[in-house]
Structures are given as structure tokens and as C-alpha cells.
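Trainee: Any chance you can model this:
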Amino acid sequence: MADIPHNNEPHIVRVNDFRIDADYAAWVSEIKRRYVSAQIKASIKINTEKLRFNWSIGRDLVTLKAEKRWGSGVVEQLSLDLQEAFPKEKGFSSRNMWRMKQWYLFFSTTEANEKLPQLVAELQKAASPYFINVPQSVAVLNGEQCFPIILGMIPWGQQTDIVTKCKSIDEAIFYLRECILGGWSRQTLGNSLKANLYKSHGKAISNFSEYLPEAQSRMAQEITKDNYDFGFITVPVNYREEQLEAALEQNITRFLLELGTGFAFVGRQKELIVGNRTRRIDMLFYHIRLKAYVVVELKARPFDPEYAGKLNYYVNAVDELLKGPDDNPTIGLLICSDKGETDVRWAFKGIQTPMGVASYDNVQIDSSNLLPSAEELQARVRLVEEELRQAKK
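Mentor: You can find the predicted model right below:
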């Protein structure tokens, strides 16, 4: 029996008063889960309230027609007044307040009103606990545009980058989605905006829509690109596939960033035993959001129809040998130096496994091996000297 505290002394429990069992371990695990969830919700709530305030400032500047009513210097004056009232706050610069107005105008349009709730529904289907209680629609109260709660899911810095760099609501929603689901930092978002990820994202030639359920098909298409930038690797002149693979593996962190959010590297030349024979996949990944293996085959040459058959084989082999009962169907991705859409479409006819084909460019060529070594130069000198001696005879 545990000691009973006396005289308001703290209750000190001896080791022999405690018994660990499976129920206790499960209880502690549940408490930890609840605490992490509470931290996340608190962080989101604080961020949401700050962004709601920024939204209200932007809305006031628009709906009150502040510049027309009080003059063109109203934002600068408001900035000074708020900085004087709240000297410890850093968000009241005139530049930041102009961004609030720009942000409000960008996301208060009819198009945004229609498409932001669609993003909410998509995020809820991702089965993430963060989105369960997010309203399905953007409310309008007393004729004024209310703050879209979904915007509270990422920090203000990312919001301003998206608004200033994106040219359409669709592009902005793409980056909002990636920031939320991928937990992108501001630097990652900046790199993706600079690389114009939206333009190339989801453009690989594929048959996903034919052989995957709608939700999986859409996500599989989104995680593939039309063209991959391999400018971060260097390969020899006349490089082979294995040299391309090795260079990508050596730069796997950068390659994962190029592939996009959600990819986990399983291995290169992944061995599969089929009928007592060893088969090797160029590179194997697992996509966390898609919950599926992704077979990546690399070709240092343009697409050839025979490549589709080999990729089909590897996708089926992974389905049979590695895919678990809770995994979605494996998808294949062939990355070639070039591709023709007609060739790819015809090669895919009759193949019922989900596959896509993309290209790559910007590989850096190591030209150092084009220069002869010292030994080679000496050999050439000796050869010339020998030829001169022979000519004198």
C-alpha cells in the first residue's frame, strides 16, 4: 500500500509501490499523444488569431476606403500610431500593413470564396486530426468577408510570400496545400516558388486516372512532375544509368526535395527475388501521403517503348513482394532524358499498372576527364619522338 502523506508533505512514492503493465504504458502513450495534439492546436490557435487580426486590418483599409477618406499617407500614419501604442510588436511596419491589404484583396475574391472550401475538404480527406473541425465554407457575415480559417494553418511569412509571388488563386492554393501537408518552412516554400514548382508539378504523362481510384489518382498525379531538374548532380561525359543513379544517391537529400513533399527513400538497386532470380530496381521510394511504394527507373536516354514493359514488371513485383495490406497500389515513375507523348501513350496501351513518365535536364557534366593525364601526355611525347626518329632513318 502506498504511503499516505501527513502534514501537507509531498507524496513520495517508493519504487515498490508502482507496477508497470500494458494498461499503464497505453495510458502514458495516450497522454503524450493528447499533449502533442494540444500543443499543435494551441500553436494553430495563436497563429490563427494573429492572422485574423491582420485580415481585419486589410479589410478595414479596403472597406473603409481609407486612402480616399484620410489621404494617401494613411497607412504610414496608422503604422506609426500602432508602433507607438505597441512598441514591442514587430508587425506594424507600413510595408507589412500594405501586405495585409494585398493579402485581403487576394483571398477575398469570389474565386477564392469558392476554392478555399474545396481545399478544406481535401485536407479533411487526408485524415489529419488538424482539419477535423475546420469549417467547410468561408462564412460571410453582414456583407463583410470573414477570415477564411484555413489560412490560419501556416505562418504570416509564408502567406506574404505566396501572395506576392503567385499569379492566381489556383497557384496560391497549391502552395498553401503543400505548406500545410508538408510542413514546409519559409525557406522550402521560397525554393519551390523560385523553381516554379506549380508549373511543373503534376504534369507527368501517366495512366493514373485509368487505374487508380479518383483520390489516389489525383494525388499520384500531383506528386509527379513533367520534368525534373538534376542540376545538383555532376556525371562524367557519356554517363551511364548506374552513374546517374549513384550521383542521385550521393545527393539524396537534394533529390528528395526535387521529387517533392512526402517521399521517403527506401534504397537504390533494391533487390527482389523472383523465381530464384535476383531483380534490382533502380531506386525505390515510399510516399507517406499516398501510402504507396514508388518505383523509379532512370534512363540516360530518350524514352523507348520497351522501358514501359520493364517498369510494369517492377511495379507488379513490388505489389506482390513488398506491398502491405494497408498500402495503396504501387506506382511506377520512369525518368528519361527525353520523351514523346505519343510514344508514351501507345506504350501504355494494354498496361494496367499505374505508371508515369517524366524527363530530366540540367545535369552537370564533369569535363575534367576530357583533359589527358600527365602519364598520357608523357606517352604521347614518347610516341612523337619515336615517330621523328623513324622519319630520320
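
Trainee: who touches the helix or strand harbouring Thr188?
Mentor: Assessed by DSSP states H and E, Thr188 sits inside helix 186-194. Contacts to helix 186-194, defined as Cβ atoms under 8 Å, 6 or more residues apart in numbering, come from residues 155, 157-158, 161-162, 165-166, 175, 178-179, 182, 184, 257. Placement of C-beta: from N, CA and C, glycine included.

Trainee: okay if I get these as CSV plus distance to Glu320 and secondary structure?
Mentor: CSV is the format used below for the contacts of helix 186-194 (distance: Cβ to Cβ, whole Å; DSSP: H, G, I helix; E, B strand; the rest coil):
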residue, distance to Glu320, secondary structure
Pro155, 44, coil
Gly157, 46, helix
Gln158, 42, helix
Asp161, 44, helix
Ile162, 43, helix
Lys165, 45, helix
Cys166, 43, coil
Tyr175, 38, helix
Glu178, 32, helix
Cys179, 37, helix
Gly182, 31, helix
Trp184, 35, coil
Leu257, 31, helix
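
Trainee: Show me how to select, in PyMOL, the buried members of the residues you listed.
Mentor: The buried subset of these, as determined by 16 or more other Cβ atoms under 10 Å, is captured in PyMOL by this line:
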select buried, resi 158+161+162+165+166+175+178+179+182+184+257
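
Trainee: Next SSE downstream of the helix holding Thr188?
Mentor: Next element after helix 186-194 (DSSP H and E): helix 197-200.

Trainee: returning to that earlier point: lowest-confidence entry in the contacts of helix 186-194?
Mentor: Least confident by pLDDT among the contacts of helix 186-194: that is Gly182, with 73.

Trainee: Next up, the contacts around it.
Mentor: Thr188, Thr261, Gly262.

Trainee: can you tell me the helix or strand for the closest residue to Arg177 other than its chain neighbours?
Mentor: Once flanking residues are discounted, Arg177 sits nearest to Leu119: 6.1 Å by Cβ to Cβ, 6 or more residues apart in numbering. Leu119 is located in helix 110-125, with elements delineated by DSSP H and E.

Trainee: likewise Ala246?
Mentor: helix 241-250.

Trainee: same question for that helix, mean pLDDT?
Mentor: 91.

Trainee: now do stretch 47-60
Mentor: Here the average pLDDT along stretch 47-60 is 91.

Trainee: same question, stretch 282-292
Mentor: pLDDT averaged over stretch 282-292 gives 92.

Trainee: ends of that stretch, how far apart?
Mentor: Criterion Cα to Cα, to the nearest Å; first-to-last residue distance in stretch 282-292 is 17 Å.

Trainee: I would like the residues contacting that stretch, please.
Mentor: 126, 181, 216, 219-220, 223, 241, 245, 248-249, 259, 261-270, 293-298, 318, 323, 326-331.

Trainee: got the buried residues for the host helix or strand of Leu181?
Mentor: Per DSSP H and E: Leu181 is located in helix 169-182. Neighbour-count burial for helix 169-182, counted by 16+ other Cβ under 10 Å, picks out 169, 171-182.

Trainee: in a helix, that's where Val36 is, yeah?
Mentor: Yes. Membership of Val36 in a helix is supported by DSSP: H, G, I helix; E, B strand; the rest coil.

Trainee: What segments of the stretch 1-150 of the chain are helices?
Mentor: In the stretch 1-150 of the chain, the segments counted as helices under DSSP state H, counting those that start in this stretch are 22-63, 66-70, 74-85, 94-107, 110-125.

Trainee: Which secondary structure elements does the fourth one sit against?
Mentor: It refers to helix 94-107. helix 22-63, helix 74-85, helix 156-165, helix 169-182 (3 or more Cβ pairs under 8 Å, 6 or more residues apart in numbering; DSSP states H and E).

Trainee: Show me the contact partners of stretch 245-257.
Mentor: By Cβ under 8 Å, 6+ apart, stretch 245-257 touches 188, 191, 230, 232-235, 263, 265, 268-269, 282-283, 298.

Trainee: Point out the least confident member of the contacts of Gly182, please.
Mentor: pLDDT across these is lowest for Thr261, at 78.

Trainee: would that one count as being in a strand?
Mentor: No. Going by three-state DSSP, the assignment for Thr261 is coil, not a strand.

Trainee: Looks like it contacts Glu178 (just checking).
Mentor: Yes. Look at Thr261 against Glu178 with Cβ atoms under 8 Å: they come within range, at 5.7 Å.

Trainee: Need the winner for burial among the helices and strands packed on helix 94-107.
Mentor: helix 169-182 (a mean of 20; mean count of other Cβ atoms under 10 Å).

Trainee: Low-confidence regions, this protein specifically.
Mentor: Applying pLDDT under 70 to the chain flags residues 1-18, 37, 40-41, 43, 125-145, 367-377, 380-381, 384, 391-393.

Trainee: 50 instead, please
Mentor: 1-2, 4, 11-13, 15, 127-144 (pLDDT under 50).

Trainee: which residue is nearest the centroid of it?
Mentor: Nearest residue to the geometric centre of the chain (Cα atoms, centre = their mean): Thr261, 2.3 Å.

Trainee: Nearest residue to that one in space, please, no chain neighbours.
Mentor: Gly182 is the one closest to Thr261 (Cβ to Cβ, 6+ apart), at 3.3 Å.

Trainee: for Gln352, same thing?
Mentor: Per Cβ to Cβ, 6+ apart, closest to Gln352 is Tyr211, 5.6 Å.

Trainee: burial measure for Glu386, as a count.
Mentor: 10 (other Cβ atoms under 10 Å).

Trainee: burial of Val357, as a residue count?
Mentor: Val357, neighbours per other Cβ under 10 Å, totals 29.
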